[in-house]
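Asker: Sequence plus predicted model, see below.
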Amino acid sequence: MDYLKLNLWEIKEKLESKEITSEELVKLCFQRIKETKELNALISTCEEMALKQAKLIDEKRSKNEKVGILAGIPIIIKDNINIEGTKTTCASKFLENYQSIYTATCVQKLIDAGAVIVGKANMDEFAMGSSNETSYFGVVHNPVDTDYVPGGSSGGSASAVASYQGFSALGTDTGGSIREPASFCGVVGLKPTYGRVSRYGVVAFASSLDQVGPITRSVKDSAIMLQVLAGRDENDMTSSNTEIPNYLKAIDFDVKNLKIGIAKQFFNDQLNSEVKEKISHTIDILVKNGAQTVDLDLPSFAPALSVYYIISSAEAASNLARFDGVKYGRRAEKFSDIVDLYFKSRTQGFGKEVKRRIMLGNYVLSSGYFDAYYNKAKKVQKVIKKEFDDAFKKCDILICPTTANPAFKIGEKSNDHLAMYLTDIFTVPINIAGLPAMSMPCGKNKDGLPIGLQLVAPMFNESVIFKTGSFIEKALEGEKDV
Ligand code: GLN
């Protein structure tokens, strides 16, 4: 049996029944990481730390001591999330040698649940990008076809999970960075509700939008991961103390009377016909099983992308001000005075895309343009939120594509920034509204590239996503058997 290809919930059972030890599993995992090295999915590995943790879990198990729900399971963390004693580079030259001095709450929760952290995933520099081509550590390849991008910015996390380097990986999603790569690599990516998961210890990109979430190979795995990750953290004042349901109770349910919202804006002319066909087919399955569709109109969908690039760049410009070669980051070797030190360190440390965002952000925040751009974007954000709120008065869940097209080729959009930004058109409105959403596979195109379907729910109702997602997963799986 290829243990690495099992889902997280399946390997959990194998470890519990002692069919395999965590140490054996972790060793298999590192072998796999080496075999798939050319994908460039990881920036660093923590073999010594992982084996130590695995042995500890095995020892506890052999003594029948209580272990956590992720005990002994290898997991990967995006490299913008701090783990004490490891490097956290954000895939930037600026932080190439930065050593974390503390552990992020989300990672601590995984460790407390017994997870074994095996490595740090490659990503777009400072999580800015949709293809994982802006990493200082090189492009990441899509394991489905290595000529294609894995998506971004959590491209390393998605590529690693899709190539069986671990059973889940943490990503971050500011405008689609968990869902888009999950969709391109054919795995499940969840962006929880804004505030559901603590961001303490996660390097900030746009603080009013950022959220941490799991990438997994099944919907049930996603529910298990969120169960561990969710909750209020005193160290993150934006984290919520909204009650945490038992997410696993939502798995293996039917969809009778479920009201599915279909917003016409997601099904426009830009949508690839094969993507459209797969999404429609999935909706048909739900309807055949008792769900109803509700037509929706989200007129403010169109400006959402502009709103996103204004707000996220403004916040990024402020958040990245701390990287100056003094407080954080690699310092320029030669400089004449303090201003020159800042100037040279930032010029040498940041990549092109990051500089583009900082310039855009400072521009929209500058005194003459603040009202025209930033303030206006914040107003439109309110309208977008209200439209989603109204939509959820008529339906339980919204179904749409994650992206208009499947993965594109490496290099295809690197010089066309607008085309690159447009890949996020279906994911950013969700961040603008603070809602939870999941991307899951719903088929492949004629070239065998995965197609992602997006499930969007009202705030703090991740359960309805798991319920619908697990139903779809089972139904599509059933079709393969026929
Ligand atoms: N691709 C989007 C961007 O570059 C989203 C990034 C993200 O979600 N971190 O801004």
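Answerer: Sure, I can see it.

Asker: and the gap between T402 and V188?
Answerer: 11 Å (Cβ to Cβ, to the nearest Å). No exception for glycine: its C-beta is placed from N, CA and C like everyone else's.

Asker: overlap in contacts of the two?
Answerer: Common contact partners of T402 and V188 (Cβ atoms under 8 Å, 6 or more residues apart in numbering): A182, S439.

Asker: check which helix or strand covers L341.
Answerer: Element membership of L341, judged by DSSP states H and E, is helix 338-349.

Asker: got the buried residues for that helix?
Answerer: Neighbour counts over helix 338-349 (16 or more other Cβ atoms under 10 Å) mark L341, Y342, F343, K344, S345, R346, G349 as buried.

Asker: can you check stretch 372-386 too?
Answerer: Buried, per 16+ other Cβ under 10 Å, within stretch 372-386: Y373, Y374, K376, A377, V380, Q381, I384, K385.

Asker: Give me the three-state assignment for the first one.
Answerer: Right, Y373. helix (DSSP: H, G, I helix; E, B strand; the rest coil).

Asker: so what's the closest residue to it other than its chain neighbours up against?
Answerer: Of all residues not flanking Y373 in the chain, V364 sits nearest, at 3.9 Å (Cβ to Cβ, 6 or more residues apart in numbering). By Cβ under 8 Å, 6+ apart, the contact set of V364 is I310, S313, A314, F370, Y373, Y374, A377.

Asker: hmm, try it at 6 Å
Answerer: I310, A314, Y373, Y374 (Cβ atoms under 6 Å, 6 or more residues apart in numbering).

Asker: same thing with A457?
Answerer: Contact analysis of A457 by Cβ under 6 Å, 6+ apart lists I397, P436, V464, I465.

Asker: Need the contact partners of stretch 135-142.
Answerer: Identification of contacts with stretch 135-142 by Cβ under 6 Å, 6+ apart yields 39-41, 43, 91-93, 122, 125, 132-133, 148, 150, 155-156, 159, 185, 407, 410.

Asker: Pull out the buried positions in that stretch.
Answerer: The neighbour-count check on stretch 135-142 (16+ other Cβ under 10 Å) flags S135, Y136, F137, V139, V140, H141, N142 as buried.

Asker: Check the secondary structure at the second one for me.
Answerer: The assignment at Y136 comes out as coil when based on three-state DSSP.

Asker: Point me to the helix or strand that includes S306.
Answerer: helix 304-319.

Asker: Give me the residues contacting that helix.
Answerer: Residues from elsewhere that reach helix 304-319 (Cβ under 6 Å, 6+ apart): 174-175, 204-207, 357-358, 360-362, 364-365, 373-374, 377, 380-381, 384, 425, 428-429, 432.

Asker: In helices, which of the buried residues of stretch 372-386 appear?
Answerer: Under the assignment DSSP state H, these contribute K376, A377, V380, Q381, I384, K385 to helices.

Asker: Could I get the pLDDT score of the first one?
Answerer: At K376, the model reports a pLDDT of 97.

Asker: and what of the one 3 residues further on?
Answerer: Per-residue pLDDT puts K379 at 97.

Asker: what's the distance between it and A433?
Answerer: 14 Å.

Asker: Give the phi and psi angles for the spatially most central residue of the chain, as a check.
Answerer: In the chain, the C-alpha nearest the mean C-alpha coordinate belongs to I178, at 2.0 Å (Cα atoms, centre = their mean). Main-chain dihedrals, I178, degrees, to the nearest 10: phi -100, psi -40.

Asker: Okay, and which of the contacts of stretch 135-142 map to strands?
Answerer: The strands, defined by DSSP state E, take in I43 from those.

Asker: Give me the subset of the contacts of stretch 135-142 lying in helices.
Answerer: Using DSSP H, the subset of the contacts of stretch 135-142 located in helices is G155, G156, S159, C185.

Asker: Would you mind checking those residues for buried ones?
Answerer: With neighbours counted by 16+ other Cβ under 10 Å, the ones in helices among the contacts of stretch 135-142 contain buried members at G155, G156, S159, C185.

Asker: As CSV, the residues you listed with pLDDT and distance to the ligand would be great.
Answerer: As requested, these are exported to CSV (pLDDT from 0 to 100; distance: Cβ to the nearest ligand atom, whole Å):
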residue, pLDDT, distance to the ligand
G155, 98, 10
G156, 98, 13
S159, 98, 16
C185, 98, 15
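
Asker: Spatially, which two of these are the most separated?
Answerer: Greatest spacing in those, by Cβ to Cβ: G156 and C185 (10.5 Å).

Asker: The ligand contacts on the stretch 351-482 of the chain?
Answerer: Residues of the stretch 351-482 of the chain lying near the ligand by Cβ under 6 Å from any ligand atom: D424.

Asker: mind listing what's buried in stretch 268-278?
Answerer: Within stretch 268-278, the residues scored as buried using 16+ other Cβ under 10 Å are L271, E274, V275, K276, K278.

Asker: Give me the contacts around stretch 7-25.
Answerer: Residues from elsewhere that reach stretch 7-25, judged by Cβ under 6 Å, 6+ apart: Y3, A54, K55, I57, D58, G72, F167, S168, R217, S218, K220, D221.

Asker: got the contact list for Y98?
Answerer: T88.

Asker: same question, the one 5 residues further on
Answerer: Applying Cβ under 6 Å, 6+ apart, one finds that T103 lies in contact with I83, E84.

Asker: what helix or strand is it on?
Answerer: Counting by DSSP H and E, T103 is part of no helix or strand.

Asker: Check for me that M440 belongs to a strand.
Answerer: Yes - judged by three-state DSSP, M440 forms part of a strand.

Asker: what about it, neighbour count?
Answerer: When neighbours are defined as other Cβ atoms under 10 Å, M440 has 30 of them.
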